[in-house]
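Peer 1: sharing a model prediction with you, sequence too.
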Amino acid sequence: MCTAGDGIVTDVTLTTIMPTLRASIPEPLEPSLWPARTVATTADVCIAAISMARLADVVGTPCVHTAEQAPPRYRPRDWQPRDVSVAVASVLRVRRPLSGVVLVELDAVLPQSAVLDQVRLIGRASTAPATQTYVVSPCDGFADGPFHRLPAPLPADVHEGDLLCFPCLVALRHRDVAHAPVATPVRAEVGGIRAVEVGRLGTGEDHR
């Protein structure tokens, strides 16, 4: 593990040190934070043999898959599994205002239950080095406004149309991650980054 300059602690894995290995071995995940029977591949996450990349392709994004919670590492005697969810969002826009700074706009709201240190790029395998990424989207329950720094870095070549997948510790509905119809732009500032105007794209809720 290592600590970034602002105190964020991230795991250092073999694929972090040698990103070219992502073409042949998947990024590791923490099994207790994902639903039971979750399997990672180099370009996907499958839950009980259900591909999250395929789910997003069929129903569109943002989308939510709910399944049974995986058992914790140290299971209490009275532990009972509950339903948890995995959300998939599409990258709508990527900006790089400064070297090493990546601003990503998603088509989803990040729920407070999201485990963002487990966020993964799916749909393709990237061998680009990891870089710190900020999400420019509504983040339910987070105090840093429209900019939220992801605890886990994403590949530096993240681009429009990419899919991001992350687990959530409670069962979600589609409306929990869907944007409310909003057309008002917001202005915000991240650290030393100059103010950037971002048009928040609203999508009506549907029945996926």
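Peer 2: Sure thing, it's come through. Source: prediction; values computed, not measured.
Peer 1: C-alpha from now on. contacts and neighbour counts both.
Peer 2: Fine.
Peer 1: tell me the mean pLDDT for the regular element (helix or strand) spanning Asp57?
Peer 2: Asp57 is part of helix 52-59 when elements are defined by DSSP states H and E. For helix 52-59, the per-residue pLDDT values average out at 96.
Peer 1: which residue of this structure sits farthest from its center?
Peer 2: With distances taken as CA atoms, centre = their mean, the residue sitting farthest from the centre of the chain turns out to be Arg77, at 32.1 Å.
Peer 1: and that one, that's in a strand?
Peer 2: No - with DSSP: H, G, I helix; E, B strand; the rest coil as the criterion, Arg77 is coil rather than part of a strand.
Peer 1: just give the closest residue to Pro81, not the sequence neighbours.
Peer 2: In this structure, Pro81 finds its nearest non-sequential neighbour in Gln69, 5.4 Å apart by CA to CA, 6 or more residues apart in numbering.
Peer 1: confidence score at the one you found?
Peer 2: According to the prediction, Gln69 has pLDDT 93.
Peer 1: now do the same contact list for it.
Peer 2: Under the criterion of CA atoms under 8 Å, 6 or more residues apart in numbering, the contact partners of Gln69 comprise Ser32, Trp34, Pro35, Ala36, Pro81, Arg82, Asp83, Val84.
Peer 1: least confident of the residues you listed?
Peer 2: When these are compared, the smallest pLDDT is that of Pro81, 88.
Peer 1: so that residue sits against Arg75, correct?
Peer 2: No - checked against CA atoms under 8 Å, the pair Pro81 and Arg75 is beyond contact range at 10.4 Å.
Peer 1: who has more neighbours out of those two?
Peer 2: Pro81 (13 against 9; other CA atoms under 10 Å).
Peer 1: kindly confirm my reading that the more buried one is in a strand.
Peer 2: No - counting by three-state DSSP, Pro81 is not found in a strand; it is coil.
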